[in-house]
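*Asks:* Just the structure for this:
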Amino acid sequence: MEISLSRKLDLESGREVLLLPLAEGALAENQLFAALDRSLDGALARAAAQEDFQAKSGQALVLNTLGKVAVQRVVLLGLGEAARVGAERRRRMAGRAAEQLRRVRAASVLMVCQAVPGEAFEPAREAAALVEGLNLALYRFGKYKSENGDKPPYAGPKNVELLVTDDKGKAAGKAAEIQSAVERALLVTTAVHTARDLINEIPQEMTPERLAESSAALVEGIPGLSCSVLDEAAMEREGMQASLAVGRGSYNRPRFIQLSWTPPETADSAEHLVLVGKGVTFDSGGLNLKPGDSMLSMKADMSGAAAVICALTVIARLRLPLKVSGLISAVENMPSGRSYRPDDIVRSFGGVNIEIGNTDAEGRLTLADALGWAVARCGATRIVDLATLTGACMVALGVQTAGVFGQPESWRDTVLAAAAATGEKCTALPLDEDLADDIKSEYADVRNTGATRYGGAITAALFLQRFVKDTPWTHLDIAGPAWTDKRRDYAGPGGTGFGVRLLVRLAESLCRG
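*Replies:* Modelled structure (predicted):
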């Protein structure tokens, strides 16, 4: 997708589709709408009245111009109440607009980004949000779709012309800033596409070894970004017994992946952000076998790993002046005669003995090794982990919101601010020490499951907290938003790539201080 900027509404530009977002109740006062309606001899206003288009959030109206102007179709898109319009509302609206473009297979588009009266409008930010929503929504995973002689899958418009205006319809913002913002948006959303590809790949292909190979391939050719991989024997030598126990039942052997971005200008900097992603490439539950229906989508149990890998590629391509590492303990959790068992005790990297209460609480075991490595080997000054960790978090927050825990709260809140800026929904949850007794063990240092089924997301976070010691750390339980069974605005169906945009924004915020 190539994006160019326009400084005025040009209906003779030859673009196939014009996308015009409008706030609720503002049609009569909108000068761009009025100018377009005049060019169409009043047909636009009549169509809006006939179809009861009031620009409510989610509404869309498509009008064929029948040759009256060079633009073939006009699509009016509802933004909803003016007071609620912002970057995320525009992002979602653009996601819905992508379906209109797909329907007509538009190759060229003119898209308007217009300020709403009274809005704190930042032209570059809002334009980037539209591009993000559009590009994210155009993603499809079609690798295993057989060719049937029909037209090839629609990949989106080749050319997008973007008009950014104030609430009067006059060009707004500095062109260089807007162009830079939309190019960044394309870079980040393309990385989200890659994360989705990793997640959506079938589990017989996306094994721990394949995930490691994919990581190495993705960093190849990016200056300053490297990838190293420990095989099973090396993990054994390093004492990663928690991860090895989880992977013991599978034919596909574990791998430990480390990505490192060290910009030359900050090689001696004390600040080191370490991103840890859960990398269970398929989770059957092990000997505590999941019910059949619950195994569907368990290929997405490495969504945290995919987000970390792809965020690192963007951070490096943006050449952010911040040392950043990514750690993934990649395993497949399967039942066999070699599987680890309930009542086993395994020793993590760093020497914590863990009693196994349930083999389906495997992700926290792999994270224990990776978090311990982040502290002891990377010398992390800040840690963020992303993991599809608990069904309990989905019970608490639903399937579109990640639960966020952290120490200290100031670091957790920095992560939440990055999430808010990207529209990736997160909510703070407490590290309630009153539940710490639930993971105490009579026979080991800690138990991998709580004593009851209540507060499961919290006890999982308290378990992880043991392995970060005093390092500032934030844990994102992304079990809900990492996957969606149906299309939602600019995500799905399938893996969403949740976390890529958040992590990039977080790294940028640390660079700004």
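
*Asks:* What mean pLDDT does the strand or helix carrying residue 313 get?
*Replies:* Residue 313 belongs to helix 303-317 when assigned by DSSP states H and E. Confidence for helix 303-317, expressed as mean pLDDT, is 98.

*Asks:* Could you do stretch 5-17 as well?
*Replies:* 89.

*Asks:* OK, contacts around residue 200?
*Replies:* 141, 299, 494, 495 (C-beta atoms under 8 Å, 6 or more residues apart in numbering). Quick note: C-beta positions are derived from backbone N, CA and C, even for glycine.

*Asks:* Could you list which of those belong to strands?
*Replies:* Taking DSSP state E, the ones among the contacts of residue 200 that sit in strands are 494, 495.

*Asks:* Contacts only, for residue 172.
*Replies:* Applying C-beta under 8 Å, 6+ apart, the residues near residue 172 are 115, 121, 123, 164, 165, 166.

*Asks:* ok so, going back, quick check on the contacts of residue 200: which are buried?
*Replies:* Buried subset of the contacts of residue 200 (neighbour count, 16 or more other C-beta atoms under 10 Å): 299, 494, 495.

*Asks:* Skipping adjacent residues, who's closest to the second one in space?
*Replies:* If I follow you right, that is residue 494. Distances taken as C-beta to C-beta, 6 or more residues apart in numbering place residue 200 nearest to residue 494, at 4.7 Å, with adjacent residues excluded.

*Asks:* picking up where we left off before, so which pair among the contacts of residue 200 is furthest apart in space?
*Replies:* 141 and 299 (11.4 Å; C-beta to C-beta).

*Asks:* if you look at the contacts of residue 172, which of them are in helices?
*Replies:* residue 123 (DSSP state H).

*Asks:* most surrounded residue in the contacts of residue 172?
*Replies:* In terms of neighbour count, residue 164 stands highest of the contacts of residue 172 at 25 neighbours, by other C-beta atoms under 10 Å.

*Asks:* Now do the same contact list for that residue.
*Replies:* Taking C-beta under 8 Å, 6+ apart as the test, what residue 164 contacts is 5, 113, 114, 123, 126, 127, 171, 172, 173, 178.

*Asks:* Please tell me how far the second one sits from residue 508.
*Replies:* Same thing as residue 113. 21 Å (C-beta to C-beta, to the nearest Å).

*Asks:* Neighbours of the nearest residue to residue 80 once chain neighbours are set aside, how many?
*Replies:* If the residues on either side of it in the chain are set aside, residue 80 comes closest to residue 57, at 3.1 Å by C-beta to C-beta, 6+ apart. When neighbours are defined as other C-beta under 10 Å, residue 57 has 17 of them.

*Asks:* show me the contacts for residue 57.
*Replies:* Here residue 57 is in contact with 24, 78, 79, 80, 81, 84, 89, 93 (criterion: C-beta under 8 Å, 6+ apart).

*Asks:* Next: residue 359.
*Replies:* Taking C-beta under 8 Å, 6+ apart, one finds 246, 285, 286, 287, 288, 333, 339, 340, 341, 342 in contact with residue 359.

*Asks:* what helix or strand does it sit in?
*Replies:* Using DSSP H and E, residue 359 falls outside every helix and strand.

*Asks:* Would you mind measuring from the nearest residue to residue 426 once chain neighbours are set aside to residue 207?
*Replies:* Spatially, and ignoring its direct neighbours in sequence, residue 426 is nearest to residue 419 (4.1 Å; C-beta to C-beta, 6+ apart). From residue 419 over to residue 207 the distance is 31 Å, taken as C-beta to C-beta.

*Asks:* quick one on the thing from earlier: of the contacts of residue 200, which is the nearest to residue 429?
*Replies:* Nearest to residue 429 among those, with distances taken as C-beta to C-beta, is residue 495, at 23.3 Å.

*Asks:* what is the closest one paired to in the beta sheet?
*Replies:* residue 483 (DSSP bridges).

*Asks:* now swap in residue 110 and tell me
*Replies:* Going by DSSP bridges, residue 110 forms beta bridges with residue 18, residue 161.

*Asks:* Can you give me every residue that contacts it?
*Replies:* Residues in contact with residue 110 (C-beta under 8 Å, 6+ apart) are 6, 10, 13, 15, 17, 18, 19, 71, 160, 161, 163.

*Asks:* one more time with 7 Å
*Replies:* Residue 110 makes contacts with 13, 15, 18, 71, 161, 163, as judged by C-beta atoms under 7 Å, 6 or more residues apart in numbering.

*Asks:* can you check residue 118 too?
*Replies:* residue 82.

*Asks:* if you set the cut-off to 8 Å instead, what comes out?
*Replies:* So residue 118 contacts 82, 83 (C-beta under 8 Å, 6+ apart).

*Asks:* Let me see the confidence value for it.
*Replies:* pLDDT, residue 118: 85.

*Asks:* can you check residue 268 too?
*Replies:* pLDDT at residue 268 comes out at 60.
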